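1. What follows is a protein structure lacking sequence information:
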């Protein structure tokens with residue numbers, strides 16, 4: 001994995017080049033598997049660090065449906081990276097995919113948590129890399145000022161009910177806490193918890209376990225009742241917050257291999273190389289740009305980006321034309337960048353659709369403080385500022401390649 005990352009870093013690809021590389025890898029995956037890959041990826045780090053809503057929402061369903069509704073493919077491999085989100089959105093996406101395609105598979109090389117796990121459990125097959133993870137699906141509900149596990153909340157209420165029945169009363173503190181719970185609130189918690197279970201039970205029985213015909217150890221025939229029971233056990237396991245302790249727990253292949261039929265991507269070195277490259281390029285696109293959510297197929301790409309305000313960490317670039325001779329015009333983006341450490345402002349010119357050699361030949365002005373790999377060194381405090389996110393933002397807005405030196 002590290003060698004793949006180093007390989008791409010050393011290539012110094014801009015945003016457009018990375019997007020093109022991702023589509024090349026999708027085509028390579030399709031050729032290797034004979035199936036059709038769709039990439040849905042959200043930047044979990046931007047969700048954590050910038051407060052951007054990267055969760056799975058109903059609008060994602062609309063994008064996925066719009067991209068795939070006219071597809072003639074029969075088998076789809078849905079690559080997913082998400083921190084989770086709306087269970088209802090996951091249900092909508094799953095229903096559409098199941099109706100549209102004869103076979104629906106999920107590829108997990110990063111995190112597919114919560115609602116992402118619910119969606120993945122609707123598939124015929126799960127292909128998981130060693131780096132991939134699913135997560136608990138217990139609903140997270142807002143109680144007062146806090147978001148808590150629906151499973152934990154119900155367990156606590158049941159515990160207090162049992163204590164009251166056994167002792168005839170509750171201690172004053174618990175009595176005050178229980179008195180603040182309304183019947184509607186309690187039923188809402190129970191319904192939220194059962195919603196995820198019900199979806200997963202049905203999907204596992206109808207899709208994931210449909211080809212489970214004999215037991216692994218004794219080679220006994222698998223009956224419909226056995227499939228139903230296993231689906232019930234798996235749904236309960238994923239919802240049991242007491243077992244996993246935290247909603248963010250990463251469940252790897254070794255955690256799930258005894259209860260789910262999972263195909264290990266790493267067992268096929270050629271396929272694993274493609275998938276790990278896809279994971280790496282997705283990471284580089286998200287880490288080095290304002291993109292926070294991606295919807296990619298081999299011939300179409302949609303990205304959701306956030307806008308950086310003028311008083312934020314990055315400036316909004318404004319492309320301006322810069323003439324160089326009457327017959328040869330060059331476009332440039334003039335950026336005013338403030339050092340976040342000392343506050344000194346730096347002027348940086350980004351030239352469109354020409355390379356470093358052409359910049360030198362034409363003797364175009366550049367900032368001498370820009371070093372290799374698009375790093376700007378502040379000549380006042382020596383702070384190193386990475387210009388790649390700014391570069392990628394300019395390229396995203398202008399749809400043109402940008403070079404600084």
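-> All right, it came through fine. Since we're looking at a predicted model, the values are computed, not measured.
2. can you give me the helices in the stretch 1-150 of the chain?
-> 2-11, 15-33, 44-49, 58-68, 87-100, 115-120, 150-167 (DSSP state H, counting those that start in this stretch).
3. what packs against the second one?
-> Helix 15-33 makes packing contacts with helix 2-11, strand 36-42, helix 269-287, strand 291-297, strand 300-305, helix 388-398 when contacts are defined by 3 or more Cβ pairs under 8 Å, 6 or more residues apart in numbering; DSSP states H and E. Where you see a C-beta, it was placed from the backbone N, CA and C, and this is true even at glycine.
4. can you check the fifth one too?
-> In this structure, helix 87-100 packs against helix 58-68, strand 75-81, strand 103-108, helix 115-120, helix 183-203, with contacts taken as 3+ Cβ pairs under 8 Å, 6+ apart.
5. The first one to helix 87-100, inter-axis angle?
-> Spelled out, that is helix 58-68. 20 degrees (axes from the mean of the first three to the mean of the last three Cα atoms, to 10 degrees).
6. Give me the contacts around helix 58-68.
-> 38, 40, 76, 85-86, 88-89, 92-93, 96-97, 100, 293, 295, 297, 300, 302 (Cβ atoms under 8 Å, 6 or more residues apart in numbering).
7. Can you flag the buried ones in those residues?
-> Listed as buried from the contacts of helix 58-68 are 38, 40, 76, 85-86, 89, 92-93, 96-97, 100, 293, 295, 297; burial here means 16 or more other Cβ atoms under 10 Å.
8. of those residues, closest to residue 28?
-> residue 297 (13.4 Å; Cβ to Cβ).
9. Please name the bridge partners of the closest one.
-> Taking DSSP bridges as the rule, residue 297 bridges to residue 300.
10. Would you check how far apart it and residue 22 are?
-> Noted for residue 297: a distance of 10 Å to residue 22, by Cβ to Cβ, to the nearest Å.
11. which residues do the two both contact?
-> Joint contacts of residue 297 and residue 22 (Cβ under 8 Å, 6+ apart) are residue 39.
12. can you name the farthest residue from the center of this structure?
-> Using Cα atoms, centre = their mean, the residue of the chain lying farthest from its centre is residue 168. It sits 49.6 Å away.
13. Next one: it relative to residue 161, how far apart?
-> Distance from residue 168 to residue 161, by Cβ to Cβ: 13 Å.
14. Give me the next element, helix or strand, following the worst-scoring helix or strand of the chain on mean pLDDT.
-> Lowest by mean pLDDT, DSSP states H and E among the helices and strands of the chain is strand 318-323, with a mean of 41. Proceeding N to C from strand 318-323, the next assigned helix or strand is strand 329-338, under DSSP states H and E.
15. I'd like the next helix or strand past that following strand.
-> Immediately after strand 329-338, counting by DSSP H and E, sits strand 345-352.
16. got any ranges where the stretch 201-350 of the chain has weak pLDDT?
-> For the stretch 201-350 of the chain, the stretches with pLDDT under 70 are 240-249, 307-330.
17. Just give the number of residues close to residue 237.
-> The tally of other residues near residue 237 (other Cβ atoms under 10 Å) stands at 18.
18. how about the nearest residue to it, chain neighbours excluded?
-> Counting by Cβ to Cβ, 6 or more residues apart in numbering, residue 237 lies nearest to residue 259, which is 6.4 Å off, once chain neighbours are set aside.
19. For the one you found, give its distance to residue 233.
-> From residue 259 to residue 233 the distance is 7 Å (Cβ to Cβ).
20. Among the helices and strands packed on helix 87-100, which comes closest to residue 384?
-> The nearest among the helices and strands packed on helix 87-100, by Cβ to Cβ, is strand 75-81 at 28.8 Å.
21. still on that earlier bit, winner for burial among the helices and strands packed on helix 87-100?
-> helix 115-120 (a mean of 28; mean count of other Cβ atoms under 10 Å).
22. which helices and strands sit right next to that helix?
-> Other helices and strands packing on helix 115-120, by 3+ Cβ pairs under 8 Å, 6+ apart, are strand 75-81, helix 87-100, strand 103-108, helix 183-203.
23. run the last query once more with 10 Å
-> On a contact count with 3 or more Cβ pairs under 10 Å, 6 or more residues apart in numbering; DSSP states H and E, helix 115-120 meets strand 36-42, strand 75-81, helix 87-100, strand 103-108, helix 183-203, helix 224-239.
24. farthest pair in the buried ones among the contacts of helix 58-68?
-> The most widely separated members of those, counting by Cβ to Cβ, are 86 and 297 (22.9 Å).
25. Give the burial count for residue 336, as a bare number.
-> Residue 336: 12 neighbours (other Cβ under 10 Å).
26. what does residue 3 give?
-> Number of residues near residue 3 (other Cβ under 10 Å) recorded here: 7.
27. show me what contacts it?
-> Each residue near residue 3 by Cβ atoms under 10 Å, 6 or more residues apart in numbering is listed here: residue 276.
28. Need the per-residue pLDDT for it.
-> pLDDT recorded at residue 3 is 86.
29. could you check the distance from it over to residue 280?
-> Relative to residue 280, and taking Cβ to Cβ, residue 3 is found at 10 Å.
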